[in-house]
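Participant: 3D model of this:
(one chain, ligands or ions: 1)
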Amino acid sequence: MRIRSRAVVAVVGLLALAGCTGDAQPDPSAPGTASAGPDAPVRVSADGHVDNAYAGASMYVDADWTSNVLASAGEADDAVLAASMRAVSGEPTAVWLDRIQAVTGTATERGLEEHLDAAVAQASQDPDGEPVVVTLVVYDLPGRDCHALASSGELAATDADMARYRSEYIDVIADLLARDEYRVLRIVTVIEPDSLPNLVTNADDEACQAAAPYYREGVVYALDAFAPLEHVYAYLDAGHAGWLGWTDNAEAAVALFADVAGQTRAGLTTVDGFVTDVAGYTPLEEPFLEASDLVDGTPVSDASFYASNPDLDEAAWAADLHARVLAAGFPDTTGIVIDTSRNGWGGIGRPAAASSSTTLDTYVDESRVDRRVHRGAWCNPEGAGLGERPVAEPEGYPDAHLDAFMWVKPPGESDGSSRLVANDQGKGFDPMCDPTYTSDRLDGALTHALPDAPISGAWFPAQFAQLVANAYPAVGSEGGDGSSPDALAGSCSAVLTITDSWSSGYVADVTVTAGAPLSTWSVTLPPGTVLDDLWNGVEADGRITPLEWNATLDAGGTANFGYVGAGDTPAAGALACASA
Ligand code: BGC
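Facilitator: Numbers count the residues shown, from 1 in each chain. This is a model prediction of the structure:
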C-alpha cells in the first residue's frame, strides 16, 4: 500500500470564477502551483494517511440500515425477494450527518459517537485485523439544496446560521473525530453533496445566489477542520455524468473545485478525492452505447436523451473528471469514489443488446440501460436497482482511478416526499417527487417518481423492494472479491442488536445471514463478552456455533441467536461471521 505523507502547504494563487457560470474558464496558471514544500510539517498517525482509505480496509456496516432492511425482508410477501434483501443486509453504507442532532444523537437515533464506537467494535472483530473505514456525509450547509426543496435543511443562508454551522456542527464533528480512540479508524468525509455542483449550473437561481458564499466558506471551513487529522480523508462531491458531464459544466466545476480547495490552508492537497453520483441514478456503464458511435450519421451523444453530453455514464465522467482535476493541479494520488447504491438498472426492463433501429433517438432509447424518462429525473425514479456492491479498488475502469464503489446514499432511504409532509427537519416538498407532476426540466414529461414516498432520508419500503428486485448485478450473481456478504459461496454476515439493557447487563440478538448455502456458521462475540444466558447457539472460546436445527441456511436465509450479557453494553453492529 502506498503511504502518502500530507504536508501543510500554503497556496499562493487563487482562481477567480466569473460568477460561477457554465462559461467560466479555468486559469491554468493558478491552483496547479500547490505542492508540499521540503520543510513542511508532515502529519503522521497510527498507520499514516494512505493514498486510498478504502484499500486494505473493511467498510463500516451501519446496524440501523441493516435493521431497516431486515424489517422490510420480514414484511415482504415474496420469499425470493425477502432472501435477496437479507443477502444484502450486511452491506456497508455511509452515515449521513444531515443535521446537528444527527451528530449529537437523539433519544431514538444514534449519534456520531455511537457510530464511531460501533466501527471500533467492528474493527476489533475483523478476522484479518483490517482497519475499518467509515464513510461520513457532511451535509448541513446554510441554504442547503438551493435548487430543490426536498432536502432543504435546518440552517438558512445567513451569517448567524453560518456561525452555527461552524461551531455547532463542523467543530463538534472534528472534535469527535480527533479523539484518540477513533484514530484506529479511517474516516472518509464526503463534503456537502450537491453544493458546489449547484453553484456551477444553477447560478441563476436566487436561492443558490444567496447560498453561494456560504457554500464556499462552509466547504473551506470543513476541509480545514478535518485536514489536520491524519486518519480523516476528504472527498468533494462532483455531481454526476448527467449533471456536470457537458464540457462547459465540467470545466466550470473543476475550476470551482480548485478555487475552493485552493483557499484552504493546505491547498489542493487537502482533498483526497471526489465522489460522483451521490444519491444519483446515472449508470456506471452504458454497455451498448458509445458517445461517438454514429447512427444515421449522428453521434449517439447528440440523441435527445444525452443532449450533446459526451459522458454517457459514470465511468466516463469519473475518467473525464480525473483527467481534469489533475490538469488543474490536484495531486496525482487523487482518487474517485462512485456511489453505486442505486444506479444498477437491472430487472426485466434492462435491454440485453443494442437496438437495431436506424433512427437515433429510437436507437438510444432502446439501447440504454438508464430507463428514466429524462436524465434530470432525480427523485425516487421508477425502475432503478441496486448497483455494484461496495468494494475497494474496483477493477475494469483504469482511466477512472477508482478508490471504491460505495453505497453513499443508503438504498431504501427516500429522495423526497411525493406530497408535502410536515416535519421538523426543514424538508420541503419538491414537485419532482410527485408522480403526477409534468416538469419543464424533463421536457414536459411526468416525473415517474414512485408514489407515496416519505420525506428525504426516511425509510421507503416500496423503493427498497424495487431496488433489490432490479439490482444490477442481480443479488447473489456477482463474482466479487469476497468483501461483499453476498459475493462468495460460504460467506455470511452477522449483525448484533441490543434489545434491552440495564446498569449491569443487557440482552442481545444476533441475526446471521447466509450469502450462499451454508452447512454451518460461527460468529465471534465482542471481546470480553460474559454470558449469563444463551439461546439458539453454543459457545466455545468466544465464538457461537449453531444448534443442529439452525445450522443449515439457504442463500439469503437467516438464523438468530440471543444472549444475556453481564457488564457494559457493547456497541450494536456487525460481528465477524465465518462459514465454519
Ligand atoms: C436527505 C438526508 C438523508 C440522506 C440519506 C438526503 O436526501 O436530505 O436527510 O440523510 O438523503 O438518505
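Participant: Just give the nearest non-adjacent residue to the residue of the stretch 251-400 of the chain found nearest the ligand, would you?
Facilitator: Proximity of the stretch 251-400 of the chain to the ligand (Cβ to the nearest ligand atom) peaks at residue 279, 5.8 Å away. C-beta coordinates here come from the backbone N, C-alpha and C atoms, glycine included. Excluding its sequence neighbours, the residue lying closest to residue 279 (Cβ to Cβ, 6 or more residues apart in numbering) is residue 409, at 3.9 Å.
Participant: so where does the residue nearest the centre of the chain fall, helix or strand?
Facilitator: Centroid-nearest residue in the chain, with Cα atoms, centre = their mean: residue 408, separated by 0.9 Å. Following DSSP states H and E, one finds residue 408 outside all helices and strands.
Participant: What about the closest residue to it other than its chain neighbours, how many residues nearby?
Facilitator: Sequence neighbours aside, residue 339 is the residue nearest to residue 408 in space, at 3.9 Å (criterion: Cβ to Cβ, 6+ apart). By other Cβ atoms under 10 Å, 30 other residues sit near residue 339.
Participant: Spell out which parts of the stretch 401-550 of the chain neighbour the ligand.
Facilitator: 409, 410, 413, 415, 456, 457 (Cβ under 6 Å from any ligand atom).
Participant: now these as a markdown table including distance to residue 167?
Facilitator: Shown next, in a markdown table, are these (distance: Cβ to Cβ, whole Å):
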| residue | distance to residue 167 |
| --- | --- |
| 409 | 28 |
| 410 | 28 |
| 413 | 28 |
| 415 | 30 |
| 456 | 26 |
| 457 | 24 |
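Participant: List buried residues within the residues you listed.
Facilitator: Those of those that meet the buried threshold are 409, 410, 413, 415, 456, 457, by 16 or more other Cβ atoms under 10 Å.
Participant: Of these, which is the nearest to residue 563?
Facilitator: Each of those was scored against residue 563 by Cβ to Cβ, and residue 410 proved nearest at 28.2 Å.
Participant: in the protein, what spans have low per-residue confidence?
Facilitator: For the chain, the stretches with pLDDT under 70 are 1-47, 477-491, 580.
Participant: which ones are touching residue 217?
Facilitator: By Cβ atoms under 8 Å, 6 or more residues apart in numbering, the contact list for residue 217 reads residue 162.
Participant: mind checking which helix or strand it is in?
Facilitator: Assigned by DSSP H and E, residue 217 belongs to helix 206-226.
Participant: Okay, helices next: where are they in the stretch 451-580 of the chain?
Facilitator: Counting by DSSP state H, counting those that start in this stretch, the stretch 451-580 of the chain has helices at residues 461-469.
Participant: need the strands for it, in chain order.
Facilitator: 492-502, 505-514, 522-524, 530-535, 538-540, 543-545, 558-566, 573-575, 577-578 (DSSP state E, counting those that start in this stretch).
Participant: circling back to that earlier point, which element follows the helix holding residue 217 toward the C-terminus?
Facilitator: Downstream of helix 206-226 (by DSSP H and E), the next one is strand 232-237.
Participant: Using PDB, list the CA coordinates for that following strand.
Facilitator: The C-alpha coordinates for strand 232-237 follow below in PDB (Å, rounded to 0.1, in the frame of the first residue of the first chain):
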ATOM      1  CA  VAL A 232      -9.600  11.600   8.100                       C
ATOM      2  CA  TYR A 233      -9.900  11.700   4.300                       C
ATOM      3  CA  ALA A 234     -11.800  14.400   2.400                       C
ATOM      4  CA  TYR A 235     -13.700  13.800  -0.800                       C
ATOM      5  CA  LEU A 236     -15.600  16.600  -2.600                       C
ATOM      6  CA  ASP A 237     -18.900  15.900  -4.300                       C
END
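Participant: Now find how far off-centre the next helix or strand after that strand is within its chain.
Facilitator: As assigned by DSSP H and E, the chain's next helix or strand after strand 232-237 is helix 241-244. Computed by Cα atoms, centre = their mean, to the nearest Å, the chain-centroid distance of helix 241-244 equals 17 Å.
Participant: Equivalent analysis for stretch 50-59, please.
Facilitator: With Cα atoms, centre = their mean as the basis, stretch 50-59 stands 15 Å off its chain's centre.
Participant: Quick one: end-to-end length of that stretch, please.
Facilitator: Terminal residues of stretch 50-59 lie 15 Å apart, using Cα to Cα, to the nearest Å.
Participant: for stretch 54-61, same thing?
Facilitator: Chord length of stretch 54-61, first to last residue, is 14 Å (Cα to Cα).
Participant: Distance from that stretch to the middle of the chain?
Facilitator: Here stretch 54-61 is found 13 Å from its chain centre; the criterion is Cα atoms, centre = their mean.
Participant: Same check on stretch 48-55?
Facilitator: Per Cα atoms, centre = their mean, the centroid offset for stretch 48-55 relative to its chain is 17 Å.
Participant: tell me the contacts of residue 462?
Facilitator: By Cβ under 8 Å, 6+ apart, the contact set of residue 462 is 450, 452.
Participant: meant to ask about residue 186, not that
Facilitator: Counting by Cβ under 8 Å, 6+ apart, residue 186 touches 50, 53, 54, 57, 131, 132, 133, 134, 231, 233.
Participant: how much space between it and residue 56?
Facilitator: In this view, residue 186 and residue 56 are 9 Å apart by Cβ to Cβ, to the nearest Å.
Participant: overlap in contacts of those two?
Facilitator: The contact sets of residue 186 and residue 56 overlap at 50, 131 (Cβ under 8 Å, 6+ apart).
Participant: Would you format the strands of the stretch 451-580 of the chain as TSV with mean neighbour count and distance to residue 222 included?
Facilitator: Output for the strands of the stretch 451-580 of the chain, formatted as TSV (neighbours: other Cβ atoms under 10 Å; distance: least, Cβ to Cβ, whole Å):
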stretch	mean neighbour count	distance to residue 222
strand 492-502	19	31
strand 505-514	22	36
strand 522-524	21	36
strand 530-535	13	42
strand 538-540	11	45
strand 543-545	18	42
strand 558-566	19	38
strand 573-575	26	26
strand 577-578	21	36
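Participant: Correct me if wrong: the residue nearest to the centre of the chain contacts residue 341.
Facilitator: Yes: counting by Cβ atoms under 8 Å, residue 341 is a contact partner of residue 408 at 6.4 Å.
Participant: Can you check which residues contact both of these two?
Facilitator: What both residue 408 and residue 341 touch, as defined by Cβ under 8 Å, 6+ apart, is the set 93, 279.
Participant: got the contact list for the residue lying closest to residue 557 once chain neighbours are set aside?
Facilitator: In space, and not counting its chain neighbours, residue 557 is closest to residue 514: 5.1 Å by Cβ to Cβ, 6+ apart. Residue 514 makes contact with 87, 491, 492, 521, 553, 554, 555, 556, 557, 558, according to Cβ under 8 Å, 6+ apart.
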